[in-house]
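Fold the stuff below for me.
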Amino acid sequence: MEELISKTPETRALQLLDEYIGSNNYILALKNKKQNSKSFTPTRSQAEYIINFHGRNPKVAKKWVKLDSYFGKKMMEDKMYTKEPSEIYVEKLLVEKDKSYHIWGKIFSGETLHDFWIPKSAIIKDNEVKNVVVDYSKYISRPPMEHQKVAIEKLVGNKKYILADDMGLGKSASAVVAVLESGAKKILIICPASLKLNWEREIRIYSDKSIFISEGKKFSTEYDIVIINYDILKNFHDIKNKENSEILKANFDLVIMDEAHMISNPQAARTKIVNDIASSIERVWLLTGTPMTSRPMNYFNLLKLVECPVSVNWMAYAKRYCNGFQFNVGKKKVWNVTGASNLDELRERTQSHILRRLKEEVLDLPEKIITPVYLNLKSKEYEDMMGEYYDWFNSNKEESSSLTIQFGKLMKVRKVIANEKVKSTIELAENIIEQEKKVIIFTNFTDTLQEIYNHFGKSAVYLDGSCSKNHRQQAVDQFQTNDKIKVFVGNLKAAGAGITLTAAEAVIMNDLSFVPAEHAQAEDRSHRIGQKKSTSVYYPLFQNSIEGMIYDILERKKKIISTVMGDNLMDEASVIEEMLNRISASR
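Below you'll find the predicted structure:
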């Protein structure tokens, strides 16, 4: 029995206290208690602490560190302080665990030193920024503009950073020069498939580094730079089988993620793969013109990738910046994080990890004039379809309560509207061409695109999702350099981002997306660096149709909701929901 007692953690801890000669103040305090009281016995948790940490030497810090405001408020509530602590004094770091620190220090300056535990996520670490001096005379092939120099130096000075300059400010060129100045030897560039050739072209302007463009199941570790699209990452990296990851075997020391808003959803398979890859690479640079496409929660994963302090604790972020709250669904508790709150604070607390500038702030660009062109729809097909929709809505109460089913029923209506508008769009384009100007026409639908393209024939080029990378580049080059090509017809998603079409002075949106950011991106294919003339953007609209309603919703919400980046806090789902509710109410 005595032998059994001697093996208990408490007995072992007492023996260790007798032998302890270290500098852990908490253990020393327990040792002092033992020496002053013959009946002293440590609790089980104290005993385990002594056993686990008696051999560790505390780290002397002697400095005040910033405290996350969420934890400051929580600490004030829990401890009933009269004011919220904004920092803590750390005399020593006694113990570091996976998610917490044991500290010898104090919360307020007037206190005596004592021990306390604090979550790691409560501490705001200073962002280490390297001083950067760049000799730009080396880049005479295309000298960076002044605003690009700022971006280059920000990237080089930060191992993890978001370059979120407005569309058209030359982010990829800035990133290429930053790569060359960073000293990185092996670089991975992840981007949409449609932009892989663009990246190769940008690199060739400044460098002769070897480049491999990954396609399908082909990957190589032998090149200086590998360019790959998001959709095929899964072919070369399996989260559950990292040992055989071809990407990790390449030992990249820098990864660039272009159009990084594509990895804002942490539940998406693509995002999980990217996050896993990034965790093994020292330098992570994110490029996006729309860092927050819908709501603050969509910004969270980008901030986590660059290790911004506000992203350390998901729950704290959700409550503070997304107006997050829980509600019951059956026996489960579910989070609602669709809201937005404390956005000015979020901007302030993330500014050291992101560079965001709008075109009008840094460029003396010509004006962009947006003009709605209102039309009247005279279509029996449209009226019949809307009549069928209302009949279905009224007679199928269960089905019609689903926004997804409602929206599916209206997809054919949107196509009818797009097709009915082709004639007016062509007339408007021909008027522009008669003024010896080039024009870009965007649409969401393949049939509409083909009809417009076929009308203009040899004086037009087109680009949709089915086009190869070579076709894409040829279409852009022809439009930009060939005086005989007057019209560029593009699918809004496939052609609305990543290309420069400054030869155009006019843009026509034949039909609408439900995401304002997609319109802004498409408009700015012409309104960007290199544009010498003003850009006119036309929105032909059937005001007596659901399209007029959509446009009104988009415009109103753009004005009402400002976001952290100055973009529009807006997503497709919210537009669809309001549109369907308004349609139902107007029956």
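
roughly how far apart are residue 410 and residue 388?
Per C-beta to C-beta, to the nearest Å, residue 410 is found 11 Å from residue 388. Any C-beta I mention is one placed from the backbone N, CA and C, and that applies to glycine too.

Those two: who's more crowded?
Neighbours of residue 410 and residue 388, each counted by other C-beta atoms under 10 Å, are more numerous for residue 410; the result is 17 against 13.

any idea how far that one lies from residue 540?
For residue 410, the distance to residue 540 - C-beta to C-beta - is 19 Å.

Excluding sequence neighbours, find me the nearest residue to residue 445.
Nearest non-adjacent residue to residue 445, counting by C-beta to C-beta, 6 or more residues apart in numbering: residue 418, 4.9 Å away.

Determine the number of other residues adjacent to the one you found.
Neighbourhood size, residue 418 [other C-beta under 10 Å]: 21.

tell me what the helix or strand that contains it is packed against?
Assessed by DSSP states H and E, residue 418 sits inside helix 403-434. On a contact count with 3 or more C-beta pairs under 8 Å, 6 or more residues apart in numbering; DSSP states H and E, helix 403-434 meets strand 368-375, helix 380-395, strand 438-443, helix 446-456, strand 504-509, strand 535-542, helix 546-560, helix 572-585.

Report the residue ranges of every domain in this protein.
If you go by automatic domain parsing, the domain ranges for the chain are 2-124, 136-362, 368-585.

Can you lay out these as JSON lines showing mean pLDDT?
Converted to JSON lines, the domains of the chain look like this (pLDDT from 0 to 100):
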{"stretch": "domain 2-124", "mean pLDDT": "89"}
{"stretch": "domain 136-362", "mean pLDDT": "91"}
{"stretch": "domain 368-585", "mean pLDDT": "81"}
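
JSON lines for those, including distance to residue 130?
Output for those, formatted as JSON lines (distance: least, C-beta to C-beta, whole Å):
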{"stretch": "domain 2-124", "distance to residue 130": "20"}
{"stretch": "domain 136-362", "distance to residue 130": "5"}
{"stretch": "domain 368-585", "distance to residue 130": "25"}
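
The closest residue to residue 310 other than its chain neighbours: neighbour count?
Taking C-beta to C-beta, 6+ apart as the measure, residue 310 lies nearest to residue 349, with 5.2 Å between them; neighbours along the chain are not counted. If you count neighbours by other C-beta under 10 Å, residue 349 ends up with 20.

Can you give me every residue that contacts residue 349?
Shown in contact with residue 349 (C-beta atoms under 8 Å, 6 or more residues apart in numbering): 308, 309, 310.

now it: how far from residue 426?
Applying C-beta to C-beta, the value for residue 349 to residue 426 is 50 Å.

So residue 466: helix, strand or coil?
coil (DSSP: H, G, I helix; E, B strand; the rest coil).

ok, it - how many residues close by?
9.

What distance do you get for it to residue 450?
Going from residue 466 to residue 450 by C-beta to C-beta gives 11 Å.

Buried ones in stretch 467-475, by neighbour count?
For stretch 467-475, burial by neighbour count (16 or more other C-beta atoms under 10 Å) applies to 467, 469, 472, 473, 475.

which SSE is the third one in?
Right, the one you point to is residue 472. For residue 472, the host element (DSSP H and E) is helix 469-481.

What is the following helix or strand past that helix packed up against?
Sequence-wise, the next helix or strand downstream of helix 469-481 (DSSP H and E) is strand 487-491. Under the contact criterion of 3+ C-beta pairs under 8 Å, 6+ apart, strand 487-491 touches strand 438-443, helix 446-456, strand 460-463.

strands paired with strand 487-491, and their directions?
Using DSSP bridges, strand 487-491 pairs in its sheet with strand 438-443 (parallel), strand 460-463 (parallel).

how distant is the first one from the center of its chain?
Offset of strand 438-443 from its chain centre (C-alpha atoms, centre = their mean, to the nearest Å): 28 Å.

Could you list the residues in contact with that strand?
418, 425, 429, 432-433, 449, 452, 479, 485-492, 495-496, 501, 503-511, 522, 525-526.

hmm, back to that, state the pair within the buried residues of stretch 467-475 that is farthest apart.
By the measure C-beta to C-beta, 469 and 475 form the most distant pair in those, at 10.8 Å.

what about the closest residue to residue 154 other than its chain neighbours, distance to residue 503?
Leaving out its chain neighbours, the residue that sits closest to residue 154 by C-beta to C-beta, 6+ apart is residue 355, at 4.9 Å. Distance of residue 355 to residue 503, computed by C-beta to C-beta: 29 Å.
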